[in-house]
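**Q** turn this into a structure:
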Amino acid sequence: MQNFFYPESIAVVGVSQAATNLASRILYNLKRFGYFGEVYAVGTRDAEVEGYTVYRSVLDIDSTIDLAILLVPAVQVPKVVDECGQKGIKNVIVESGGFREFQGSDSDNERQMMEMVRKHGIRLVGPNCTGVINVENGLCTSFARNIIPFHEGGVSVLSQSGGVGHSYVLDLTSEWVGLNKFISYGNGLDIDEVDIIDYLDQDPGTTVISAYLEGITRGRDFLRVVSRSKKPVVMLKSNTQPSSHTIATSHSAAVKGDEDVLNAAFRQVGVLRVSNTLEWLNVSKLLTLPLMRGNRLAILSRSGGHAVLAADAAAKLGFEVPAFPQRFFEACRQYFERSVIKLQNPLDLGQIVYHPILTHILEETLKLDEFDGVLLIHSYDASRSNEPHQFISQIQPLIHKYQKPVSTILFTGRDERQYVRETYRLPLFRTPFHGVQALSYSRDAVRAAERRRPFEVDETPSRAAAGQEVLAQAIAEKRNPTLPEALALLRSYGVPVVEHCTVSSRDEALEKVESVGYPIALKIDHPIATHKSVVGGIQLNLLDDYGLITGWDKIDESVKEAGIQDGMTRGVIQKMAKPGWEMVIGARRDPSFGPVVVAGSGGVMAGVVNDVAGRVAPLSEDDACDLLVETKAYQALTRYHGQRAVDTDSLVQLIMTVGRIIVDIDAIEDIDLNPVFVHPNVAGLTVVDAKITLRHA
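**A** Have a look, this model is predicted:
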């Protein structure tokens, strides 16, 4: 990756003097941004472009080339990539379009290009991208003409879309927040978001990693890289709706993922996901300030109404707004003695017009151990004096002196606001809510870093042999396991399952029921009856032989009416489980992230209450605990009917085990345990029903 951002020599292929030629704009931008390395132009028509001598091929250049940028018709790209390989160029950016985003995944141009990439051991960015920018060395390989040299800062941006990425970095630098590096990687056929985040995490100039993605293909590698990151990772992920999926596929060949899985994966490794471009900008620029290392917020406002709005936002986003201590008022007593200001948090400073006083109040606030950050709402008339700038110019130095963030909302004239944005290296926000929201992400970045654990890379099967043996017959017959087989698999992993037996007739049921003991549950065991309750295939709390006989007959009648012609030919007798809170535990394979575990409210509530949280497997104990705490059922689990808390430790272990099973046994597509009875008084749990779907059944 280093030569993509720090090349000493560049070849731009596809240049001409035509007004519409995009490659020549790259030459223009390299010169305008002050790139210090050697630049070579390659084209087939003209002798000179933008002051550069034009070579007919990269093979004609005598010097070593670190990086080649290609902007030629897609049909010519494989040949040019081959020439780059012959020349010994190991880093290539293909900005041309016309590959899978246009022709689909069976694009001949793409296939031939990637053959050349693999043949010569080339690393490729693109195709269908706008390349890279490195503010540190003046590198700008974009063909866009509307970009200007950027202020250098600590935010580095990766974006599948060149247009979205460019508009975003323009906003960053227009506020003097600054940019460090930018990379648009388009279709990401070789270099993708995983490679880039991994590089930026090691990059000394990058302090914040900010990404726009339309799809994630290497989900597990993504988690491994981000979970090791020492820097905040802000993510704007689009392509969340069916309508946008069609557009994104044609745009950058992105593949839509399950949003619930994506959110769970992001939480698992501490990604700060934002929902829109304004939020993306606000969060990224505030993270350039010292992080908010606690939850206690001071609100200073020159407007009482805006202070109320800020207090509402703070409550909504989970902040504490503690009172100012008495020593603060003693330090600032002279400013408040003759005013009618109520000494509280939020602190209304509307009557204070002398800006040096505001500077003193802000500093005294930042000094306080009682606060972790400040929301400053400031308004003034710039036409009356230059005094406000004395205050504004001190905000950033005070931020760094006390290492606490100040989120600044400025209400003034349009020209004045723009002047402040372009003059002071100070993130500004439009409304109190946006200012508080940005602080909440700063707070959450600290929490995420504290909780962040390396994603488990050891996926060596633990008890796969025993599990495979249990499922061997179902796998061989390409069918899904029966309920007894599913329960046997769980038992092989040490999971407590309900006592049960399998029977093939009503008479056999009467013989074997003694081994289980009343009261019992009777269930149909039939490959068609995957949802037993839907077809009337369950009878609960049968107390004696008469109940067993009538229960068997009722199931037989119900399932025949539901279309199972052979009726109740095989059943499972289960001991009725002890009382407990009903939970559902499941696992499935996500196309991007692989095995994923979910848990939430179970039983009949599973289909009524949207209460499911998830994590990517395998799970650590901390992962499983975090998952459980996110469910709505968690509060009920800890206060079950006024009794002692249910056995959440056993539930955490089960969540981990289900994750282990689906990682171990590649043949499993889906696991559904519902209900799982979690017993009060720390009495363990019992799995009473399990459905397992095989991948090739």
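**Q** ok, now which ones touch Arg417?
**A** Shown in contact with Arg417 (Cβ atoms under 8 Å, 6 or more residues apart in numbering): 410, 428. Any C-beta I mention is one placed from the backbone N, CA and C, and that applies to glycine too.
**Q** ok but it is inside a strand, no?
**A** No - Arg417 is assigned helix when assessed by DSSP: H, G, I helix; E, B strand; the rest coil, not a strand.
**Q** what secondary structure does the residue nearest to Lys401 when sequence neighbours are not counted sit in?
**A** Among residues not flanking Lys401 along the chain, Leu366 sits closest, at 7.6 Å (Cβ to Cβ, 6 or more residues apart in numbering). Three-state call for Leu366 (three-state DSSP): helix.
**Q** shouldn't Leu366 be in contact with Tyr402?
**A** Yes - under the criterion of Cβ atoms under 8 Å, Leu366 makes contact with Tyr402 at 4.0 Å.
**Q** show me where the stretch 51-200 of the chain has helices.
**A** Using DSSP state H, counting those that start in this stretch, the helices found in the stretch 51-200 of the chain span residues 77-87, 100-103, 108-120, 162-174, 193-202.
**Q** kindly provide the distance from Val682 to Glu499.
**A** 21 Å (Cβ to Cβ, to the nearest Å).
**Q** what's near enough to touch the residue nearest to Lys401?
**A** Counting by Cβ under 8 Å, 6+ apart, Leu366 has contacts 374, 398-399, 401-402, 404, 406.
**Q** let's go with 7 Å and repeat that
**A** 374, 398, 402, 404 (Cβ atoms under 7 Å, 6 or more residues apart in numbering).
**Q** confirm the last one sits in a strand?
**A** No - if the criterion is three-state DSSP, then Lys404 is coil and not within a strand.
**Q** what's around it, how many residues?
**A** Neighbourhood size, Lys404 [other Cβ atoms under 10 Å]: 23.
**Q** go on, Ala562?
**A** Other residues close to Ala562 by other Cβ under 10 Å number 13.
**Q** wait, it sits on Gly536?
**A** Yes - Ala562 is within contact range of Gly536, at 6.3 Å (criterion: Cβ atoms under 7 Å).
**Q** if I look at the closest residue to Leu139 other than its chain neighbours, how far off is Val58?
**A** Distances taken as Cβ to Cβ, 6+ apart put Tyr35 closest to Leu139, at 5.3 Å, once the chain neighbours are dropped. When distance is defined by Cβ to Cβ, Tyr35 is 18 Å away from Val58.
**Q** low-confidence ranges, the protein, go.
**A** Scanning the chain for pLDDT under 70 picks out 102-105, 241-257, 337-341, 457-463, 604-609, 639-645, 697.
**Q** so who does the residue most central in space within it touch?
**A** Most central in the chain under Cα atoms, centre = their mean is Phe266, positioned 3.2 Å from the mean C-alpha point. Taking Cβ under 7 Å, 6+ apart, we find Phe266 in contact with 235, 273.
**Q** now the strands for the stretch 551-697 of the chain?
**A** For the stretch 551-697 of the chain, the strands defined by DSSP state E, counting those that start in this stretch cover 571-575, 581-590, 594-601, 612-616, 668-678, 685-687, 690-694.
**Q** looking at the ones you listed, which is nearest to Asp192?
**A** strand 594-601 (16.5 Å; Cβ to Cβ).
**Q** so Ile555 is in contact with Gly537, correct?
**A** Yes - using Cβ under 7 Å, Ile555 makes contact with Gly537 at a distance of 5.7 Å.
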